[in-house]
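Undergrad: Give me a model of this one.
(3 chains)
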Amino acid sequence: MSSLQLATVALDHAAVFVFAATGALAAAERRHDLVTFGFFAAITGVGGGTLRDLLIGAPVFWIHRPAYLITCLAAALTIWIFGGGRRREQLLIWLDALGLSAYAVFGAAKALSFDVGPLPAIVMGVMTATVGGILRDVIAQHPSVLLRREVYVTAALAGATTFVLLTGLGLAVLPAGLAGFCAAFGVRSGAIVFGWTLPGFRPKA
Amino acid sequence: MSSLQLATVALDHAAVFVFAATGALAAAERRHDLVTFGFFAAITGVGGGTLRDLLIGAPVFWIHRPAYLITCLAAALTIWIFGGGRRREQLLIWLDALGLSAYAVFGAAKALSFDVGPLPAIVMGVMTATVGGILRDVIAQHPSVLLRREVYVTAALAGATTFVLLTGLGLAVLPAGLAGFCAAFGVRSGAIVFGWTLPGFRPKA
Amino acid sequence: MSSLQLATVALDHAAVFVFAATGALAAAERRHDLVTFGFFAAITGVGGGTLRDLLIGAPVFWIHRPAYLITCLAAALTIWIFGGGRRREQLLIWLDALGLSAYAVFGAAKALSFDVGPLPAIVMGVMTATVGGILRDVIAQHPSVLLRREVYVTAALAGATTFVLLTGLGLAVLPAGLAGFCAAFGVRSGAIVFGWTLPGFRPKA
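TA: Here you go, the predicted model:
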């Protein structure tokens, strides 16, 4: 296994776990049963990566590797057992930020490894980082994270762009990936903690 | 045609028809026109199977077999002509239960026939059984069946798991499929008639 | 490049631009930032064609051709700079009508060029013409154009059917495509200007 492949597998598992946990937390908010926990966890956990694989023409990653589904079920069970208390919403936001950052890099990395060009690879990172959360919000009928003012898509964009630029400049995959992850997570953290926003559209008179 | 292939084609048509009918019933609730009936019927009827085929890398089943679309249009026309009256909502719930049960088995069966392992095959059964109804609810802006307390996903899980276990134990496809269908339909019927639920999540103090 | 291929590329770019612009206009309504403009523009602009390509087993058109994404970003920027004022909603409706008409023909044309039969090719035209707008409405939590009374799906159906029938009768692709576009745009214009509707479902007593 090349270092690129190894890094992608590890990042993929981490992103699946944290996104799956946010799916389970959304189920917890509505006091669903354990099966629905698993269902939300699986859709949220593998949704983004599934779309990425369909778009770049790769075999869907979890179909022939059951370990990913077990990761989702483990995340669901973890939330079921430990997920109570008032810090739930806070936890969901931060796990979502971790998943977003990992998938922004990972989506771009996998796209590059399938010979996708830099611009579509960045878009792939952004889309796959945000689709898990969008699916979760749509099926849970949760107000979508997309419609909030704080930067969200921008964080994924920062991470994917950083990664693609640095690898394009010749940096190795692991440092570039780490830099991309930090860029995404830094921007998203600023949004969560300080309420960072970009200027919104102002219609002309 | 092997018995596995034959069973999957028959189940597929039946599931397409009943799901398409639930799509048309959702259009009827809002008094849409006949074209919208056909549109809702087609999306609901082939939505689950389409996702299944994309995920397992199979050619999408209805693209080269127009009979499935004709089945959807027949379902739409049937509801347009006969679908009135107060029993409509009741009818939708039971047709949805039939489609759910057929697709839980069929999704798993087709996945197995594409060399997908047991756990992803079960998940494939569950996801494809529930995606048609989810798409219908999302496009009709109907309160999603996912968010109700009665068991729904669990019924699909029971059916797909029964089927995959029995075929794994060496039972032939048809009896295993029948057992899986009955398991799913039995659980879902109990939910509809007796309001069966699983215990919901209870946050720790 | 054959005339069929050339026509499909040109139509595809035009449809991407106008749908992307409607996505950006939806973002403008909620006063989103520029990144979200681009995100909505990209999802709306390439959403319908992406689904079409996945369904017919074609490589997703924008993955290896970054020009499409640049078209989306250009549409987003255009709306950001010029998109203000009270005529915005009117503009969105008419751009959506243009995109709908182009994609109805184009979805059908690309499907035919991949050896899909006439009925599925018509459905492909209808679905891909309407999916961009549906995705936009779902992610923007906008009341869906599907749920309005005026004909919408019917316009796409008229365009795709006209095109498939005329090419089936031996007409060349360009005149058939123009006729299909005019059929779709004519029907949709009638719906916008005169409020054309088809008779809705009436439940029997």
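
Undergrad: switch to C-alpha atoms for all contacts and neighbour counts from now on
TA: Noted.

Undergrad: Return the residues in contact with residue A:89.
TA: Residues near residue A:89 by Cα atoms under 8 Å, 6 or more residues apart in numbering or on different chains: residue A:25.

Undergrad: How much space separates it from residue A:29?
TA: Distance from residue A:89 to residue A:29, counting by Cα to Cα, to the nearest Å: 9 Å.

Undergrad: Residue A:197: what secondary structure?
TA: Assigned state for residue A:197: coil (three-state reduction, DSSP: H, G, I helix; E, B strand; the rest coil).

Undergrad: show me the contacts for the closest residue to it other than its chain neighbours.
TA: Of all residues not flanking residue A:197 in the chain, residue A:150 sits nearest, at 4.7 Å (Cα to Cα, 6 or more residues apart in numbering or on different chains). Going by Cα under 8 Å, 6+ apart, residue A:150 touches A:191, A:192, A:195, A:196, A:197, A:198.

Undergrad: Please render those residues as a markdown table that adds pLDDT to the earlier fields.
TA: Shown next, in a markdown table, are these (pLDDT from 0 to 100):
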| residue | pLDDT |
| --- | --- |
| A:191 | 93 |
| A:192 | 92 |
| A:195 | 89 |
| A:196 | 89 |
| A:197 | 88 |
| A:198 | 89 |
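
Undergrad: Derive a ChimeraX selection command for the buried subset of those.
TA: In ChimeraX, selecting the buried portion of these, with burial taken from 16 or more other Cα atoms under 10 Å in any protein chain shown, looks like this:
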select /A:191,192,196,197
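
Undergrad: Identify the farthest-apart pair in the contacts of residue A:150.
TA: The two members of those with the most space between them (Cα to Cα) are A:192 and A:198, at 13.4 Å.

Undergrad: Near chain C, which residues of chain A? Just list them.
TA: A:54-57, A:116-117, A:119-120, A:134, A:144, A:146-147, A:149, A:153-154, A:198-205 (Cα under 8 Å from any Cα of the partner chain).

Undergrad: related to what we said a few turns ago, tell me the one of the contacts of residue A:150 nearest chain B?
TA: Comparing the contacts of residue A:150 against chain B with Cα to the nearest Cα picks out residue A:192 as the nearest, at 24.4 Å.

Undergrad: Excluding chain neighbours, what is closest to that closest one?
TA: That would be residue A:150: by Cα to Cα, 6+ apart, it lies 7.4 Å from residue A:192.

Undergrad: Need the CA coordinates for whichever strand or helix holds residue A:46. PDB is fine.
TA: Using DSSP states H and E, the element containing residue A:46 is helix A:34-56. The C-alpha coordinates for helix A:34-56 follow below in PDB (Å, rounded to 0.1, in the frame of the first residue of the first chain):
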ATOM      1  CA  LEU A  34     -31.300   1.900  18.400                       C
ATOM      2  CA  VAL A  35     -32.100   0.700  14.900                       C
ATOM      3  CA  THR A  36     -32.800   4.200  13.700                       C
ATOM      4  CA  PHE A  37     -29.600   5.300  15.400                       C
ATOM      5  CA  GLY A  38     -27.700   2.800  13.300                       C
ATOM      6  CA  PHE A  39     -29.500   3.900  10.200                       C
ATOM      7  CA  PHE A  40     -28.800   7.600  10.700                       C
ATOM      8  CA  ALA A  41     -25.200   6.800  11.600                       C
ATOM      9  CA  ALA A  42     -24.700   4.800   8.400                       C
ATOM     10  CA  ILE A  43     -26.300   7.300   6.100                       C
ATOM     11  CA  THR A  44     -24.400  10.200   7.600                       C
ATOM     12  CA  GLY A  45     -21.100   8.200   8.000                       C
ATOM     13  CA  VAL A  46     -20.800   6.900   4.500                       C
ATOM     14  CA  GLY A  47     -23.000   9.400   2.500                       C
ATOM     15  CA  GLY A  48     -20.300  11.800   1.600                       C
ATOM     16  CA  GLY A  49     -17.800   9.200   0.600                       C
ATOM     17  CA  THR A  50     -20.400   7.300  -1.400                       C
ATOM     18  CA  LEU A  51     -21.200  10.300  -3.500                       C
ATOM     19  CA  ARG A  52     -17.500  11.000  -4.100                       C
ATOM     20  CA  ASP A  53     -17.000   7.400  -5.200                       C
ATOM     21  CA  LEU A  54     -20.000   7.500  -7.500                       C
ATOM     22  CA  LEU A  55     -18.800  10.700  -9.100                       C
ATOM     23  CA  ILE A  56     -15.200   9.800  -9.700                       C
END
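
Undergrad: That helix packs against which elements?
TA: Helices and strands touching helix A:34-56, as assessed by 3 or more Cα pairs under 8 Å, 6 or more residues apart in numbering or on different chains; DSSP states H and E, comprise helix A:3-29, helix A:67-82, helix A:88-113, helix A:118-139, helix B:34-56, helix B:153-168, helix C:34-56.

Undergrad: Could you check the angle it makes with helix B:34-56?
TA: 80 degrees (axes from the mean of the first three to the mean of the last three Cα atoms, to 10 degrees).

Undergrad: now helix A:34-56: mean pLDDT?
TA: Across helix A:34-56, the average pLDDT comes to 92.

Undergrad: could you give the angle of that helix to helix A:118-139?
TA: Going by the same axes, to 10 degrees, helix A:34-56 makes 160 degrees with helix A:118-139.

Undergrad: now the worst-scoring helix or strand of chain A on mean pLDDT and helix A:34-56, what's the angle there?
TA: Least confident element among the helices and strands of chain A, by mean pLDDT, DSSP states H and E: helix A:3-29 (a mean of 82). Taking the same axes, to 10 degrees, one finds helix A:3-29 and helix A:34-56 inclined to each other by 140 degrees.

Undergrad: Quick one, grab the pLDDT at the residue nearest the centre of chain A.
TA: Nearest residue to the geometric centre of chain A (Cα atoms, centre = their mean): residue A:100, 3.2 Å. pLDDT, residue A:100: 92.

Undergrad: how about it, what does it touch?
TA: A:15, A:129, A:130, A:156, A:184, A:185.

Undergrad: please redo it, this time with the cut-off set to 7 Å
TA: By Cα atoms under 7 Å, 6 or more residues apart in numbering or on different chains, the contact set of residue A:100 is A:129, A:130, A:156.

Undergrad: one step back: and the helices and strands packed on helix A:34-56: which comes nearest residue B:107?
TA: That would be helix B:34-56 among the helices and strands packed on helix A:34-56, by Cα to Cα, at 6.7 Å.

Undergrad: May I see the ChimeraX selection of the buried members of the residues of chain A next to chain C?
TA: Restricted to buried positions by 16+ other Cα under 10 Å, the ChimeraX selection for the residues of chain A next to chain C reads:
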select /A:54,55,56,57,116,117,119,120,134,144,146,147,149,153,154,200,201,202,203
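
Undergrad: rewinding a little: with chain B as the reference, measure out to the residue nearest to residue A:197.
TA: Per Cα to the nearest Cα, to the nearest Å, residue A:150 is found 26 Å from chain B.
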